[in-house]
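Enquirer: Generate coordinates for the sequence data below:
(one chain, ligands or ions: 1)
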Amino acid sequence: MIELHSVTKNYGNRCAVRNISFNAPSNSVTALIGLNGAGKTTVLKAVCSMHYADSGVVLVNGIDAAENSIANKKQTAFMSERSAFFPEYTVYEFLCREAAVLFAGSDKTEQKERIAQASRLCGIHKVFSQKIGTLSHGWQRRLAFSRCLLSDPQVLVLDEPASGLDPRQSADMRSLIEKLSEHKTVFFSTHLIREMETLCSKIVVLHKGSVIFQGSQNELCMLTGEKTLEKSFLNITSKTWEQAL
Ligand code: ATP
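Expert: Just a heads-up that it's a prediction; the model follows:
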């Protein structure tokens, strides 16, 4: 389970998230939705110990993400919205390099086994010999996902996992997330509400650095009186709601 308790994070004098609290249950999918600049990436990075809150506590499976960042990094993996790869490497060379860093000291057989497992899940083995610079965006996302899975993390934190994917790749991404969530906690941000709504058991709405809703899609629809998640989201982040809050 991911828990945020009264978390505030500033960049210099700009407050990105202010005093937010919510949780994302284990072995399920929780979506963090919000308009551009709402603070989603800021939250995801705090969950993965990529940066730390200025105040408040982030707990991941009971581990304090700031106090015990090494243990937290072992149990979490982060897929960034834009992944940086080495364009001249083939897919397989890149995964071997990543595995060698992740599992330094382990034998090559184990590293190869990890690569095989992660690649099969994402289907990236089909383009093992292709240079990364020649991959389409969809395959680059699959490669980024494979890299996340190399360490078989308990918690997957994904920043806009379906961004820029065509309908086929997007459907594959959804199926993969669904399958992984049987045994892992998946927490992701998205703007593609219509595409991703079927996946999530919980929604957290972030607006201008504050959590304005957490609960199920049905609860959000009931609160706003709308029939779909997308309409509910537009409703709850509209000016009328801001004034009421
Ligand atoms: P988007 O949907 O556009 O990716 P987001 O919801 O992920 O946005 P964040 O990237 O977390 O939002 O940014 C929240 C706020 O913090 C924004 O106002 C942004 O400009 C600001 N911000 C983010 N990173 C930095 C940084 N490194 N330095 C200064 N301000 C930052």
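
Enquirer: Count the neighbours of residue 120 for me.
Expert: By the measure other CB atoms under 10 Å, the count of residues near residue 120 is 12. All C-beta spots, glycine's among them, are computed from the backbone N, C-alpha and C.

Enquirer: tell me which residues of the helix or strand hosting it are tucked away?
Expert: According to DSSP states H and E, residue 120 maps onto helix 108-122. Across helix 108-122, burial judged by 16 or more other CB atoms under 10 Å covers 111, 114, 115, 118, 119, 121, 122.

Enquirer: Just the pLDDT for the residue nearest in space to the middle of the chain.
Expert: The centroid of the chain falls nearest to residue 158 when counting by CA atoms, centre = their mean (1.7 Å). Among the per-residue scores, residue 158 holds a pLDDT of 96.

Enquirer: who's the closest residue to it other than its chain neighbours bridged to?
Expert: Residue nearest to residue 158 in three dimensions, not counting chain neighbours: residue 188, with 3.8 Å by CB to CB, 6 or more residues apart in numbering. Beta-bridge partners of residue 188, counted by DSSP bridges, are residue 31, residue 158.

Enquirer: State the pLDDT value of residue 166.
Expert: pLDDT, residue 166: 89.

Enquirer: can you pull the contacts of it?
Expert: Each residue near residue 166 by CB atoms under 8 Å, 6 or more residues apart in numbering is listed here: residue 138.

Enquirer: Can you show me the strands along the protein?
Expert: 2-11, 14-24, 29-33, 55-60, 63-64, 76-79, 155-159, 185-190, 202-207, 210-215 (DSSP state E).

Enquirer: ok, and what's touching the third one?
Expert: Residues external to strand 29-33 that are found in contact with it (CB under 8 Å, 6+ apart): 2, 24, 40, 43-44, 177-178, 181, 185-191, 193, 196-197, 199-206, 233.

Enquirer: Only whichever of the residues you listed are buried, select them in PyMOL.
Expert: Provided next is the PyMOL selection string for whichever of the contacts of strand 29-33 are buried by 16+ other CB under 10 Å:
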select buried, resi 2+24+40+43+44+177+181+185+186+187+188+189+190+193+196+197+199+200+202+203+204+205+206+233
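
Enquirer: Flag the shaky bits of this structure, pLDDT-wise.
Expert: The chain contains residues with pLDDT under 70 at 239-245.

Enquirer: again, 80 this time
Expert: 83-84, 195-196, 239-245 (pLDDT under 80).

Enquirer: Residues of it that sit close to the ligand?
Expert: Proximity of the chain to the ligand is confined to 11, 14, 16, 34, 36, 37, 38, 39, 40, 41, 42 under the rule CB under 6 Å from any ligand atom.

Enquirer: Apply 8 Å and report the result again.
Expert: By CB under 8 Å from any ligand atom, the residues of the chain that approach the ligand are 11-12, 14, 16-17, 34-45, 81, 159-160, 189, 191, 206, 209.

Enquirer: residues in contact with residue 145?
Expert: Applying CB under 8 Å, 6+ apart, we find residue 145 in contact with 79, 122, 158, 161, 173, 176.

Enquirer: change it to 6 Å
Expert: Applying CB atoms under 6 Å, 6 or more residues apart in numbering to residue 145 gives the contacts residue 122.

Enquirer: Return the distance of it relative to residue 226.
Expert: With the distance defined as CB to CB, to the nearest Å, residue 145 ends up 32 Å from residue 226.

Enquirer: Derive a PyMOL selection command for the buried subset of the residues of the chain next to the ligand.
Expert: This is how PyMOL selects the buried members of these, with burial counted by 16+ other CB under 10 Å:
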select buried, resi 16+17+34+38+39+40+41+42+43+44+45+81+159+160+189+206+209
